[in-house]
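Peer 1: got a sequence here, can you build the structure:
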Amino acid sequence: MDNCLFCKIINGEIPSTKVYEDEMCYAFLDIEPQAPVHVIIVPKAHIESADKVNEENSKYIAHIWEVIPKIAKEQGLKNGYRVVNNCGEDGGQTVMHLHFHLMGGRAFAWPAG
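Peer 2: Prediction:
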């Protein structure tokens, strides 16, 4: 997608601090971290949101969930972590490219915090 922020990051048009990359996903440090470790993980295929996951693209999401524990371990998260996905405007999604926030390095409260 021409105007997608995360597609531009994946393609190297916008700089990021990469923490993981393979053929299906890209992970980078959030520029406004909400925890000591805050990584954004995106599929390399442009999928607008969780509402747009289907039979053809769900392999990207399954792969991301396989990669999350590896990234967490590489980031030194030994006592747990939080994974967040915001879906749509009311869900707080600000970039319309499906992404997951991997956060850790501190204790979290529920539902916010």
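Peer 1: on contacts alone, who are the packing partners of the host helix or strand of residue 68?
Peer 2: According to DSSP states H and E, residue 68 maps onto helix 58-74. Here helix 58-74 touches strand 18-21, strand 25-29, strand 37-43, strand 100-104, going by 3 or more C-beta pairs under 8 Å, 6 or more residues apart in numbering; DSSP states H and E. Yep, even glycine has a C-beta here, placed from its N, CA and C like the rest.
Peer 1: nearest to residue 2, of these?
Peer 2: With C-beta to C-beta as the measure, strand 37-43 is the member of the helices and strands packed on helix 58-74 nearest residue 2 (16.4 Å).
Peer 1: and the closest one, what does it pack onto?
Peer 2: If you count contacts as 3+ C-beta pairs under 8 Å, 6+ apart, strand 37-43 packs onto helix 5-10, strand 18-21, strand 25-29, helix 58-74, strand 100-104.
Peer 1: would you list the phi and psi of the residue lying closest to residue 61 once chain neighbours are set aside?
Peer 2: Of all residues not flanking residue 61 in the chain, residue 53 sits nearest, at 5.7 Å (C-beta to C-beta, 6 or more residues apart in numbering). Note on residue 53: backbone dihedrals following degrees, to the nearest 10 are phi -70, psi 130.
Peer 1: next one: residue 53 from residue 85, what distance?
Peer 2: Using C-beta to C-beta, to the nearest Å, residue 53 is found at 10 Å from residue 85.
Peer 1: overlap in contacts of these two?
Peer 2: Taking C-beta atoms under 8 Å, 6 or more residues apart in numbering as the criterion, residue 53 and residue 85 both touch residue 98.
Peer 1: in this protein, where is pLDDT below threshold?
Peer 2: 1, 112-113 (pLDDT under 70).
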